[in-house]
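> Sequence first, then the predicted structure, then my questions.
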Amino acid sequence: MTSEHQCEVITNEPVIFELSAPGRRAVRLPTLDVPEEPLDALIPEDMLRTEPAGLPEVSEIDVIRHFTRLSQFNHGVDTGFYPLGSCTMKYNPKVNEDIARMPGFASIHPYQPEQTVQGALEVMDQLGEYLKEISGMNHVSLQPAAGAHGELAGILLIRAYHEARGNERHKIIIPDSAHGTNPATAAMAGYNTVEVPSDDRGGVDIEALAAILDDDVAGLMLTNPNTLGVFDENITQIARMVHEAGGLLYYDGANANAIMGYSRPGDMGFDIVHFNLHKTFATPHGGGGPGSGPIVVTDELAPYLPVPIVTQTDGTYRFEWDVPESIGQLRSFYGNFGVMLKAYAYIRSMGASGLKAASADAVLNANYLMNALKDTYYLPFDRTCMHEFVLSGSWQKKEHGVSTLDIAKALLDYGMHPPTIYFPLIVDEAQMIEPTETESRETLDQFIKAMKEIAEIARENPDALFEAPRRTPVRRLDEGSAARRPLICWLPEEATLQDE
Amino acid sequence: MNYLPNTDADRKQMLAAIGVESVDDLFACIPKDVRFDRALDVPEPMAELSLLRHMQRLANCNINTEQMVSFLGGGIYDHYLPSAVDHIISRGEFFTAYTPYQPEVSQGTLQAVFEYQTMVAELTGMDAANASMYDGATALAEAAMMARRVGRKGKRVVMSTSIHPEYRQVVHTYLHGQGWEIVEVPTREGITDVEALEEVVNEDTFAVLMQNPNFFGLLEPVTAFETLVSTFKTAQLVVACDPISLGVLRPPSTYGANIVVGEGQPLGNPMSFGGPHLGFFAADKRHMRSMPGRIIGQTQDVEGRRGFVMTLQTREQHIRRERATSNICSNEALNALAATVYLSLMGKQGFQEVAQQTTQKAHYAAKAIAELPGFELAFDQPFFKEFVIKGPGPANKLIEKLLDDEILAGVDLGRFDDTMSDCLLVAVTEKRTKEEIDYFVERLGESK
């Protein structure tokens, strides 16, 4: 009974409101040291809150244990292999966390006089220089807060570029292998999207592209290497075609980890590039952010960059706000500075040779995995991959009724995070695998072993996979009922419903 | 090489297994004309110790708020950050995870966000909240876009100019491609001019945006907003607010807000030169399917245990693509976790005390400054923790002068509006001691 009881406690931490006891407190403030006035003498009574907000009433140790337990229910890069395709779950160096917490960085206010934040501006300026060099572009804005935000910045630049030429266009072309953020971004910027199919080698279908291109096309959004993990060999031709039609090329940098020091989007003919600092430059993903999505652009697009822009004269840095053709500000202040710091530190730590070595190992690791697994799982695009590749669970599905979801859930019992699944959409039962360069050969071998064992179980005893996972804090969850009857805030009457 | 575990022996074995001679063979798929054939012009690698020294040198080129007495606000505030917050968010299980795509191994993140959503709802008085937006400004812009989805018609967004100027800029940037009309309403005595507001809100209006307390720290005529907006069926009232103010001020739900947003930085996040922080986003439950961003919901597993999942995902870009409610993917999950831990540590009473002490100290400071010869409050209006003072000279000169006294005096409003170059926006939090405030007042008095 004891062990059962403990098990319940470990795997079912109460919601913090359920730990609440009236009058219990954690952190206290010093006693008020200015003369106290009645509150309603300071603020009109009709503007005062009558009931305090219903926050929990807990002690500090309650808080620490609660969130420590919750953390233990998570899988992170620090706890195990995390080959989530297109997310670049590489190791996040601890020293960068210490750096971002230095008071000289963490405790500065965005409206401090510029002469008091020269160190911060130097970091931003230098990071911008490195990103320009790595991408082969000439101008930078560090403002976007995440990859999708960088996309929005980029597409708004495309709009500004065409509008400045009195040439309103309405369409953005997006490959069928693209991330969902691409079409969503184009729509947010007021564009219609047109999909271009992939050819049988996984690249953009050139003939189909030629058929779509016309003078209403504002631009093309492309990821290269793309979400299949393959490098589009026709990239210069694609760039030429789009430019000839008067459109611009947007580079989605989600997969930039494959090409650092090997190839540059600027040299491929792209006009705008965004980087995901939280992918390529090793800043932590935080359970879903904060990210940072700087954009780098060509000379032609520079006049439209978001404000402010960091500039330097004679070693003194300042923000330039007066940019008449700018698309405007994209968020408050200057971007996710704390994330920029970590990316800057990562780039300095790796250096030119280290960045190139990182891409080399990322590509080596991916090809090693692909090669080891391609006889066990169907590989729809059988060619050298870059930093990631896409397997299909279609053999297991067809022959044993085991889906990619079942395979993913089985991996959880091996202590590994599954690949990105059911994406890209053009591969049936897709499993998009990105090992990253920070994993050792031994870790890759363990993954190969797990994937082969799972394929074996699919053959011998598929039912076992339908039951997976078994060793996780909770087992498969009912997502259907969560959506049909959404409960998105804690309600006391719903609290114990499912605990009995 | 830093962070790369493979040895040359490993690489050799792996290349052999793949059946190629060298790593360069793997890059042969990149056509020659787009291959980069020189070394990147980035400095050579640094060992950890050298990196730390280098970064410390850069950090030392900044003067931080621990070395100064800060009265800076304007959206980012120096509230107290309890120690435990950083200890929790520094756990690798939290910060090295990503979006909880596999809920069975992400219950930590998922439950914490569920708790966050609940706390945001409690603060704002609304009954639905999402998992966070990038910041307060983008949350406001997204709220305007959501208002259009809810109201389904109309072309006009009405926005008070008492809203933070950077937020207004962001709304313009976000909405630029939509073909809507943004009408800005002037202020009178520092708050929204109600008569001007009444003139521009009409049948074609789908969103009315306000900030309370407003950019100048002043309380807005909320009842006038409520009365006006409620007469138009499809118009949504969007309120941006400082979350700390909700410890003493009535929640926006009580004055007719349909969507409530704001900057969550004051809840447990360091100022960090303006980011990363989080935008909170709350709305009426009936419209949760029109909300942007991630939403976490409660459900159960196959054994009947309570668990949490990302829900209503058919609104999101990875499913709905160009028909998604927003393109947002990564949000500010770790900052939202910090907010959740902060609100748990301060708790029901403590959070109220933060807001009360902030109010007391801000009013103590304002009163003392207003009594200084040559200084006055620019607006005679009720305020929460920020107020505008007018001094005898330009605000930027005042700021320069007080820097010598190790004081960050406030925000020069001339940077946003030429006609306000003699105005200084001063913020006072519970962290400022009476001694610090008295010192500030004394130095101000000497500044002429």
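Noted; the coordinates are in hand.
> Report the secondary structure element holding the closest residue to residue B:182 other than its chain neighbours.
In space, and not counting its chain neighbours, residue B:182 is closest to residue B:157: 4.9 Å by CB to CB, 6 or more residues apart in numbering or on different chains. All C-beta atoms are positioned from the backbone trio N, CA, C, and that covers glycine. Following DSSP states H and E, one finds residue B:157 within strand B:156-160.
> quick one, strands of the stretch 1-150 of chain B?
Ranges of strands within the stretch 1-150 of chain B are B:69-70, B:128-129, based on DSSP state E, counting those that start in this stretch.
> partner strands of the first one, parallel or antiparallel?
Strand pairing for strand B:69-70, using DSSP bridges, gives strand B:407-408 (parallel).
> per-residue confidence averaged over the partner strand?
Strand B:407-408 comes out with an average pLDDT of 98.
> who touches that strand?
Residues outside strand B:407-408 that contact it (CB atoms under 8 Å, 6 or more residues apart in numbering or on different chains) are A:109, A:112, A:116, B:65, B:68-72, B:399, B:402, B:439-440, B:443.
> if you set the cut-off to 7 Å instead, what comes out?
Contacts to strand B:407-408, defined as CB atoms under 7 Å, 6 or more residues apart in numbering or on different chains, come from residues A:109, A:112, B:65, B:68, B:69, B:70, B:71, B:72, B:440, B:443.
> Same check on stretch B:176-192?
For stretch B:176-192, the external contacting residues (CB under 7 Å, 6+ apart) are A:156, A:159, A:189-190, B:155-162, B:171-172, B:175, B:193, B:196-197, B:200, B:210, B:214, B:216, B:218, B:220-221, B:378-379, B:381, B:388.
> List the buried residues of that stretch.
Buried residues in stretch B:176-192, counted by 16 or more other CB atoms under 10 Å in any protein chain shown: B:176, B:177, B:178, B:180, B:182, B:183, B:184, B:185, B:187, B:190, B:191, B:192.
> Same question for stretch A:321-337.
A:323, A:326-337.
> circling back: so which of the strands of the stretch 1-150 of chain B is the most surrounded?
strand B:128-129 (a mean of 26; mean count of other CB atoms under 10 Å in any protein chain shown).
> Give me the buried positions along the strand holding residue B:157.
Buried residues in strand B:156-160, counted by 16+ other CB under 10 Å: B:156, B:157, B:158, B:159, B:160.
> For the contacts of strand B:407-408, give me JSON lines that also has distance to residue A:243 and pLDDT.
Formatted as JSON lines, those follow (distance: CB to CB, whole Å; pLDDT from 0 to 100):
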{"residue": "A:109", "distance to residue A:243": "44", "pLDDT": "98"}
{"residue": "A:112", "distance to residue A:243": "43", "pLDDT": "98"}
{"residue": "B:65", "distance to residue A:243": "48", "pLDDT": "97"}
{"residue": "B:68", "distance to residue A:243": "51", "pLDDT": "97"}
{"residue": "B:69", "distance to residue A:243": "55", "pLDDT": "98"}
{"residue": "B:70", "distance to residue A:243": "50", "pLDDT": "98"}
{"residue": "B:71", "distance to residue A:243": "52", "pLDDT": "98"}
{"residue": "B:72", "distance to residue A:243": "46", "pLDDT": "98"}
{"residue": "B:440", "distance to residue A:243": "58", "pLDDT": "98"}
{"residue": "B:443", "distance to residue A:243": "59", "pLDDT": "97"}
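> Drop anything exposed from those residues.
With burial judged by 16+ other CB under 10 Å, the buried subset of the contacts of strand B:407-408 is A:109, A:112, B:65, B:68, B:69, B:70, B:71, B:72, B:440, B:443.
> what helix or strand is the nearest residue to residue A:416 once chain neighbours are set aside on?
Distance criterion CB to CB, 6+ apart; nearest residue to residue A:416, sequence neighbours excluded, is residue A:81 at 4.5 Å. Assigned by DSSP H and E, residue A:81 belongs to neither a helix nor a strand.
> Before I go, just wanted to say thanks for your time.
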